[in-house]
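Novice: structure of the sequence below:
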Amino acid sequence: MAATTVAHQCVKTNDHAMAAGHSVDPARWQAGFEGLMGRIAGPFARVEARSRAGRLVLGLLSDLPRKNCWTNAEWAGEATPHGMQYLLCRASWDADAVRDDVRNYVVEQLHDERAVLVVDETGDLKKGTAPTRSGCSVNTRALRAGSRTLRSLSTSSTRERGHAAVDRELYIPRSWTCEPDRGRAAGLPEDTAFATKPELASRMIGRFLDAGHRVDWVTGDEVYGGNSRLRTVLELRGVGFVLAVASSAGVITGAGKFRADAPAAKVPKRAWQKLSAEAGAKGHRCYDWAVIDLANSGPNHHQLLIRRNRTTGERASYRCSSPAPAPLATLVHVAGSRGRVEETFQSEKGLAGLDEHQVRRFTSWSRWVTLAMRAHAFLAVTRAAEHARHPAPDGLVPLTCNEIQRLFTALVEPAPDSVRRLRWSLWRRRHQARSRISHYHRQAADQT
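Specialist: Here you go, the predicted model:
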C-alpha cells in the first residue's frame, strides 16, 4: 500500500478555526501489523498456516458484526470456512509459543517502571455441555459446564502507555477432570489435572517471571487475596502484591488477630487521605484511603490497605506485601490498576472477537483466544505509538483502540466485493439445505 496521510484540517467551532494537525499513516500501521505477524514464523510448520493465521487476525480486527470461522473466511476471500476451521483444529502450529510471543511483544512495547500484573477472569455463556471459551489479559478466569471462563494475566502500565493481555488459562472444573471420557471429548490433554483459580494465576505469573521479565507488583480480587499459597509464591519470587481480601479475612497486627474490617473502624480521621484510584474517561475515581502496618512474618513488609467510598462509606480491604515499606500512593496506584483489566476484556471482546469463536474443543479454544490476544495487542501497541508520535492537540481526545480499529478497517483492510458476497450466499444456502435434510433424516430415524 502506498503511504497515505489522512489529516484532520481546520475544525471550525463558533467561528474559531482549530488546526487539529493530527495525522494517521496507514502504511505505518500496515507495516506494524506485518512486523507483528512476521515474529511468529517459528511456531508454524507451514507458511500456508501462518498466512491464514494472519488473515484470521485481520478478520478479528475488522468491523464484522460477528466474528467466527465462517464470517472470517468470507471476509478473507476464501471459498469455504474449511481452511479457517482446519487452522484452529488440526493445522500444525504451537499456540503456546505464539502466546509467549504476545507476552514478549506487549512487554517490549508497553512495559514501564510502573507496570502492574493484573490477574482476573472473564467468561461467556454457551449452550450445551462442551467446554466453552474465555479471555485473558495480565489477568484470569474460570470454565464451567455450560459456560466458558477465561483466566487472564494482563500487564497494565500507566494509562498513557496502555494495557494488554499477556497470558491465558482455561479454568476446568473438577467435574471435567474426574470424567476422562468427557475430557477426551473436549480435546483436553491426557495429563490435565484440576487446578484452582489461584493455582492458574501462579502458573501464569511464573511463566512471566521465568521468561526473564520483571514486575514489582501484582494485583487481583478476593479470590487471589484469600489464597495463602499464592501470596507465599509471590513473596518467594520477590514480587509485591496488593490483593483484595474479604471483610471476614483474618489479619494479624501488633495488637493481635482481627477480621480485616475491624482495624478500619479504629483508623483516626487524620489518617484518611483522599486519592484517585484511577483516572478514567469520566474523571478521577477518588476514595478515602488509609494503611495499617501488619505483623511481619518473613522478609517482606506487610500492610493492610483500606478504601472507603466518600459517598456511601462502604469499605474494601487489601492485603499488601513488598520487600520494603511502600508509600500509600504506590499501594493506591497498584490497587487502582485492577480496573484496567475490565477495559482489556471489553476491548478483546468488542474489538477482537475474543468471545465469538463458536468452538468446542480445547485446542481450537486456545488457538482462537491466542490470536484474539494478538489482535488486541496490536491495537494497544499502535495506540501507545501514536500517542508518543503525535500527542493529541487541543480539541481532540487521543486516539483510542476503538478509533484505531475503525481507521485500520477503513484505510488498510480490503473490503469484500459483491462477487465474493454472492458466492458465499450460495455456499451458506447450500450448506443449510444439507443440514436441514440431515436433521430431518435423523428425526425420522429417532421416531422409527
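
Novice: how about residue 67, secondary structure?
Specialist: When the structure is reduced to helix, strand and coil (DSSP: H, G, I helix; E, B strand; the rest coil), residue 67 reads as coil.

Novice: so it makes contact with residue 59?
Specialist: Yes: assessed by Cβ atoms under 8 Å, residue 67 is found in contact with residue 59 at 6.4 Å. To be clear about C-beta, it is placed using only N, CA and C from the backbone, and glycine gets the same treatment.

Novice: now do the shared contacts for these two.
Specialist: Counting by Cβ atoms under 8 Å, 6 or more residues apart in numbering, no residue touches both residue 67 and residue 59.

Novice: burial check on residue 113, number of neighbours?
Specialist: The burial metric for residue 113, expressed as a neighbour count using other Cβ atoms under 10 Å, is 9.

Novice: equivalent analysis for the one 5 residues further on, please.
Specialist: Using other Cβ under 10 Å, residue 118 is surrounded by 29 other residues.

Novice: ok, and it, which helix or strand is that part of?
Specialist: For residue 118, the enclosing helix or strand under DSSP states H and E is strand 116-125.

Novice: repeat that for residue 96.
Specialist: Remark: residue 96 resides in helix 95-110, with elements defined by DSSP H and E.

Novice: list the buried ones in that helix?
Specialist: Along helix 95-110, the positions that meet the burial threshold by neighbour count (16 or more other Cβ atoms under 10 Å) are 95, 98, 99, 100, 101, 102, 103, 105, 106, 107, 109, 110.

Novice: need the contact list for the second one.
Specialist: This means residue 98. If a contact means Cβ under 8 Å, 6+ apart, then residue 98 has 40, 43, 370, 371, 374 as its contacts.

Novice: which one of those residues is nearest residue 347?
Specialist: residue 374 (13.1 Å; Cβ to Cβ).

Novice: what's the angle from the helix or strand in which that closest one is found to helix 95-110?
Specialist: Element membership of residue 374, judged by DSSP H and E, is helix 362-389. Per axes from the mean of the first three to the mean of the last three Cα atoms, to 10 degrees, the angle that helix 362-389 makes with helix 95-110 is 10 degrees.

Novice: can you list contacts of the helix or strand following helix 362-389?
Specialist: The C-terminal neighbour of helix 362-389 among helices and strands, as given by DSSP H and E, is helix 401-411. Counting contacts by Cβ under 8 Å, 6+ apart, the residues outside helix 401-411 that touch it are 4, 6, 24, 26, 29, 61-63, 347, 350-351, 376, 379-380, 382-383, 386.

Novice: narrow these to just the buried residues.
Specialist: In those, burial by neighbour count holds for 24, 26, 29, 61-62, 347, 351, 376, 379-380, 382-383, 386, counting by 16+ other Cβ under 10 Å.

Novice: now do the helix holding residue 374: which elements does it pack against?
Specialist: Other helices and strands packing on helix 362-389, by 3 or more Cβ pairs under 8 Å, 6 or more residues apart in numbering; DSSP states H and E, are helix 26-38, helix 47-60, helix 82-89, helix 95-110, strand 163-170, helix 338-352, helix 401-411.

Novice: was I right about residue 193 contacting residue 176?
Specialist: No: distance between residue 193 and residue 176: 10.7 Å, which falls outside the contact criterion (Cβ under 8 Å).

Novice: these two: which has the busier surroundings?
Specialist: When neighbours are counted by other Cβ under 10 Å, residue 176 comes out ahead of the other of residue 193 and residue 176, with 21 against 9.
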